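In: need the 3D shape of this:
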Amino acid sequence: MPKAFQFRLQKVLDLKQQLEELMSVNLKKSQAELEAEKQLADQLGQQKEQAICASEQLEELSLTQIQLSRDYIRQLNRMIDAQNQIVAQRRQQVDEDRAHLLKASQEKKVVEKLREKHFEDYRLSMRKKELTRESEIAQRIFNQKAKEEVWR
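Out: The predicted structure is shown next:
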């Protein structure tokens, strides 16, 4: 009975698959963090718009209220700038994680193609052995019949 196909680099392939899955999880995590930071940046922008609208709607503001409003808007601007830097960092992390995932996928595909090639070679080898066995059986039958006719 022929032995089953065994890919000698199966452990490497398994490792490449695990690495690809890990990179995929990292990318999803980075994307989720990026979205959370974007939402926070949007919220800060909305707060700024609300503060500007509120200060424009009040007609009689005291000097103190005007100063407080300007200070609040400046603080929001600083927070928005800082948040935009965080968003840019998260985008860069997402890009890096995407590149790592792409590399891991390519490495896994190389090993998968090698496995497919080895499996095809194995199938061809098994087919040759089967054909050889069938030829031997046919030859024996032919020889057996030839002997029987000689003895008759």
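In: quick check, central residue of this protein?
Out: residue 24 (3.7 Å; C-alpha atoms, centre = their mean).
In: need the pLDDT of that residue.
Out: Model confidence at residue 24, given as pLDDT, is 97.
In: what helix or strand does it sit in?
Out: Using DSSP states H and E, residue 24 falls within helix 10-57.
In: and the gap between the closest residue in space to the residue nearest to the centre of the chain that isn't next to it in sequence and residue 93?
Out: The shortest distance from residue 24 to any non-neighbouring residue, by C-beta to C-beta, 6 or more residues apart in numbering, is to residue 101 (5.8 Å). Backbone N, C-alpha and C define where each C-beta goes, glycine included. According to C-beta to C-beta, to the nearest Å, residue 101 stands 12 Å off from residue 93.
In: returning to that earlier point: ok, the residue nearest to the centre of the chain touching residue 98?
Out: No - applying C-beta atoms under 8 Å, one finds residue 24 not in contact with residue 98, separated by 10.1 Å.
In: look up phi and psi at residue 61.
Out: Residue 61 adopts backbone torsions of phi -100, psi 140, taken as degrees, to the nearest 10.
In: hmm, I typed the wrong one, I wanted residue 62.
Out: Dihedral angles (degrees, to the nearest 10) for residue 62: phi -80, psi 170.
In: show me the shaky parts of the protein.
Out: Within the chain, the stretches with pLDDT under 70 are 1-2, 58-59, 152.
In: can you do 90?
Out: Residues of the chain meeting the criterion pLDDT under 90: 1-5, 51-70, 138, 140-152.
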